[in-house]
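A.B. asks: missing the sequence, but the structure's below:
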């Protein structure tokens, strides 16, 4: 395996050299970086042209400039040298600094969207494969291809109009008339009936229960002005935690594993105690503190599962750890809701919290919760746009892969031997179905660093895509090359990881030199 990895790295380096040379020459030949000055009537036009020519070294032919750039870029791979030099852009800013700022913006925007798209898409793909040709299958397929076919800029504009402007107007007086609440409840009831499947009486019963529940909740939210002062509270967290415990146990161990279910329920109880214990600590929260608390939460869950044990201690540990993590998420969500009125009434927000442009509100001040809410509200719309557009690929690939696997002989053999359906789907089918999906996920994650050019421009986010587009527009090879190198290295690394993952997912695959 070591020989294989070394050979792949050498091949990747050679490909990277050739591709970077072509990209540099194409960028340099794409236009005239002095065009804006040539058409200018400014009295210091010549001085400006000379300054930019000196900054971009335009007197040197493009092929020679590439090797100068390559010499500075080569210093980036020298460990602890702190001498990485990727040149400067036309504003005189070092590319390393511009890349650092853009990379933070891009990862903040695209990482969450990609993770959500992968999780939701794979989940929907599994469900639609198990219920092939059902109303749910047709509905998910239709919606997935509908959003996949829509232009991203049009989806972004619709989200701005109805998800930001419309919702911000609603928050001025968050009252929901009973016909609107009933209409929303009916829509949720229809969706629940389609998802539930089964006999007509069962679907009608589920639709009715969901209709009544959603309508009652919306009317309560309207009467209590919940949208202005939201919160979960220990009762809602307890009810949701119990539901999470049963769901996690069902997926990871099966409800017949009483020890795993007991571990998950104990984790819920510990989470409720922690809800009251950590409130004073959360008032002084920082990002590092939240990360450490998340790790501690998972460790506590694993400890509960280990102590409770059972015939398969690993299943108990997984069920309790996942339940603990999700309980921690609910506690954090409740704390964010507690900070919502402070953020909503901030003088910089002015009662319109859902932002349409930028990554943060300029000059906003506040504690960790207010600043985090500001970042989240700026990410809601671009994240939703990216998730809707990219959901179809994961859904369809997962569905097709699962259908192929579910018709194989070893799946029929497992069912004939009496293996539980959960075990057949999750352990036997899903693991093998992940092999083709791993390739798609690896390429998408590798492309994360490149950013979403159109989305970043629509929402005025200065990420990697914006930096790349700006370099192309000004015929400035340095930012283009900086983005290209980051994207190329990341894509090649994750492509190698995908190849190695095949061996882990399928024992029949062996990585050889």
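C.D. replies: Thanks, I have the structure now. Since the model is a prediction, treat every value here as computed from it, not as a measurement. Numbering: from 1, shown residues only.
A.B. asks: roughly how far apart are the residue nearest to the spatial centre of the chain and residue 149?
C.D. replies: With distances taken as C-alpha atoms, centre = their mean, residue 112 lies nearest the centre of the chain, 2.1 Å away. In this view, residue 112 and residue 149 are 24 Å apart by C-beta to C-beta, to the nearest Å. Heads up, the C-betas are built off the backbone N, CA and C, glycines and all.
A.B. asks: need the contact partners of the helix or strand containing residue 137.
C.D. replies: Secondary structure assignment for residue 137, by DSSP states H and E: helix 135-149. Identification of contacts with helix 135-149 by C-beta atoms under 8 Å, 6 or more residues apart in numbering yields 124, 127-128, 131, 155, 194-195, 197, 388-389, 391-393, 395-396.
A.B. asks: contacts only, for the closest residue to residue 317 other than its chain neighbours.
C.D. replies: Closest residue to residue 317 apart from its sequence neighbours, by C-beta to C-beta, 6 or more residues apart in numbering: residue 305 at 3.3 Å. Contacts of residue 305 were listed using C-beta under 8 Å, 6+ apart, and they are 260, 263, 313, 315-321.
A.B. asks: backbone phi and psi for residue 305, please?
C.D. replies: Note on residue 305: backbone dihedrals following degrees, to the nearest 10 are phi -60, psi -40.
A.B. asks: what does residue 94 give?
C.D. replies: With angles defined as degrees, to the nearest 10, residue 94 sits at phi -60, psi 140.
A.B. asks: same question for residue 88.
C.D. replies: phi -130, psi 160.
A.B. asks: what ranges does the stretch 301-450 of the chain have for its helices?
C.D. replies: Taking DSSP state H, counting those that start in this stretch, the helices of the stretch 301-450 of the chain run over residues 313-344, 368-406, 409-416, 421-423, 430-446.
A.B. asks: I'd like the average pLDDT over the shortest one.
C.D. replies: Spelled out, it's helix 421-423. Taken as a whole, helix 421-423 has a mean pLDDT of 79.
A.B. asks: contacts for that helix, please.
C.D. replies: 250-251, 254, 414-415.
A.B. asks: how far out from the middle of the chain is it?
C.D. replies: With C-alpha atoms, centre = their mean, to the nearest Å as the basis, helix 421-423 stands 28 Å off its chain's centre.
A.B. asks: out of the contacts of helix 421-423, which one sits closest to residue 466?
C.D. replies: Nearest to residue 466 among those is residue 251, at 39.7 Å by C-beta to C-beta.
A.B. asks: burial of residue 256, as a residue count?
C.D. replies: 11 (other C-beta atoms under 10 Å).
A.B. asks: tell me the SS of it?
C.D. replies: Assigned by DSSP: H, G, I helix; E, B strand; the rest coil, the conformation of residue 256 is coil.
A.B. asks: contacting residues around it?
C.D. replies: By C-beta under 8 Å, 6+ apart, the contact set of residue 256 is empty.
A.B. asks: follow-up on the earlier one: buried subset of the contacts of helix 421-423 as a ChimeraX selection?
C.D. replies: Buried residues within those, by 16 or more other C-beta atoms under 10 Å, are selected in ChimeraX with:
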select :250,254,414
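A.B. asks: Throw the contacts of helix 421-423 into JSON lines and include distance to residue 371 and pLDDT, thanks.
C.D. replies: As requested, the contacts of helix 421-423 are arranged in JSON lines below (distance: C-beta to C-beta, whole Å; pLDDT from 0 to 100):
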{"residue": "250", "distance to residue 371": "38", "pLDDT": "86"}
{"residue": "251", "distance to residue 371": "35", "pLDDT": "82"}
{"residue": "254", "distance to residue 371": "43", "pLDDT": "80"}
{"residue": "414", "distance to residue 371": "51", "pLDDT": "86"}
{"residue": "415", "distance to residue 371": "52", "pLDDT": "85"}
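A.B. asks: out of the contacts of helix 421-423, flag the one nearest to residue 74.
C.D. replies: Looking across the contacts of helix 421-423 and measuring by C-beta to C-beta, the closest to residue 74 is residue 251, at 48.7 Å.
A.B. asks: how far off centre is the helix or strand hosting the closest one?
C.D. replies: Under the criterion DSSP H and E, the helix or strand holding residue 251 is helix 233-252. Relative to the mean C-alpha coordinate of its chain, helix 233-252 is positioned 23 Å out (C-alpha atoms, centre = their mean).
A.B. asks: go on, stretch 324-342?
C.D. replies: Using C-alpha atoms, centre = their mean, the offset of stretch 324-342 from its chain centre is 19 Å.
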